[in-house]
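Peer 1: here is my input, please return the structure:
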Amino acid sequence: MASKIDKVIDRLERLTNDVNQIKRSGIPLLPVPPLVKSALRTGTQRIDDTLTDAYFGLARDIADVVLPADVAMEIINNPNVLMDASGAISQIPARSAAAEPKKPRKVTAKMKKQRKIQSTAFRNANAKGRKKDGTFRSGYDQSRIARMAQKECTKERQRLGLCEKPKRRSKKKK
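Peer 2: Below is the predicted model of the structure:
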């Protein structure tokens, strides 16, 4: 199975061969004797083919030495293998059963009620503090809207008996 780097090298080699062919097709347009044209055509073809084969053969060899295809596939598909920014490959220890992600918390009736109250409070506060086009009214910003919503939420929870009225802290310093 060819790796992505092998596919890229193959595409570059085909592109180089196409460029070489176009270059050779321009030789008949040169104002030189026909014998020179044929010599140029065969000479450039041999040189181009030799250089292309040598260059892309070397590129494939280097790519295979740096990261062989089977190793690359193993690294890409293994979640316990990491590569840092400098290119160093390291193995992380396998996760134990204790490190598995926890189940989501169960949403209780009390939590549902609180979320419903809070969403309604925020909807009301946004309606009060924003214009029809969605921009803030004069003197309103997101923090003021949030404070209004929290205040409304607290009052609604007190009205429903879900919480008691908070005790006021005195402003006097002791």
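
Peer 1: give me the element residue 149 is part of.
Peer 2: helix 142-160 (DSSP states H and E).

Peer 1: do you know the pLDDT at the residue lying farthest from the centre of the chain?
Peer 2: Most distant residue from the mean C-alpha position of the chain: residue 33, 59.0 Å away (Cα atoms, centre = their mean). pLDDT recorded at residue 33 is 81.

Peer 1: got it, and residue 173?
Peer 2: pLDDT at residue 173 comes out at 69.

Peer 1: and residue 171, which of the three is it?
Peer 2: Three-state assignment for residue 171 (DSSP: H, G, I helix; E, B strand; the rest coil): coil.

Peer 1: burial of it, as a residue count?
Peer 2: Using other Cβ atoms under 10 Å, residue 171 has 5 other residues around it. C-beta: built from backbone N, CA, C; applies to glycine.

Peer 1: try residue 145
Peer 2: 20.

Peer 1: how close does it sit to residue 134?
Peer 2: Separation of residue 145 from residue 134 (Cβ to Cβ, to the nearest Å): 12 Å.

Peer 1: same deal with residue 19?
Peer 2: Distance from residue 19 to residue 134, by Cβ to Cβ: 55 Å.
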